[in-house]
Structure formats: structure tokens, C-alpha cells
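> Take a look and give me a structure for this.
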Amino acid sequence: MVNPTAPTAQSLRIKPEDVKAPLDAGESVTILDVRSPKAWEASDERIPGDIRVDPEHLPTPSPWPKDRLTVAYCT
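Sure, this is the predicted structure:
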């Protein structure tokens, strides 16, 4: 049975608990902070261990691991 709250490849938004569950289970999760430079500089919110990525200049190929859940944080 499919978990109706589990993120899928088609998901555009996921809930914080969808990220917290794998973290609590000890799984590795990559968090990308893709807020605009202006939004990033204006905020005091930081996620420890995140990777800061300018959304206008995404690196290709991506340098972060591809064998784990990757979440993009934006506001």
C-alpha cells in the first residue's frame, strides 16, 4: 500500500514531517537551500549542514549525493 503522505517524484512540496521521519530514522538527507540571494541574505534562518545553491545557477552535474533523499528548501 502506498503511503498517501510520502513524497513522490511528482511532488512539488512536502511537509516538514516527511523530512523529519527519515532524519529520525538515521537516514542521510541532503538539504539544498535554494532561496534567492536576496531572500537568503535577508533571513537569519539557516539549516545546519545544508548546501547553499543559487537557484539561478544550478550546477550541472550536481555535486551532491544522488543516493539519498534530496530536499530543496525555498520560501
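
> only C-alpha atoms for contact and neighbour calcs from this point on.
OK.

> Can you tell me the closest non-neighbouring residue to Thr70?
Excluding its sequence neighbours, the residue lying closest to Thr70 (Cα to Cα, 6 or more residues apart in numbering) is Thr30, at 4.6 Å.

> how close does the one you found sit to Ala21?
14 Å (Cα to Cα, to the nearest Å).

> neighbour-wise, which of the two wins?
Applying other Cα atoms under 10 Å to Thr30 and Ala21 shows that Thr30 carries more neighbours, namely 19 against 11.

> Now do stretch 65-73: everything it contacts.
Val19, Ser28, Val29, Thr30, Ile31, Leu32, Asp33, Val34, Arg35 (Cα atoms under 8 Å, 6 or more residues apart in numbering).

> Need the per-residue pLDDT for Thr5.
pLDDT, Thr5: 54.

> in the helix or strand hosting Asp18, what counts as buried?
For Asp18, the element it lies in under DSSP states H and E is helix 16-24. For helix 16-24, the neighbour count (16 or more other Cα atoms under 10 Å) marks Val19 as buried.
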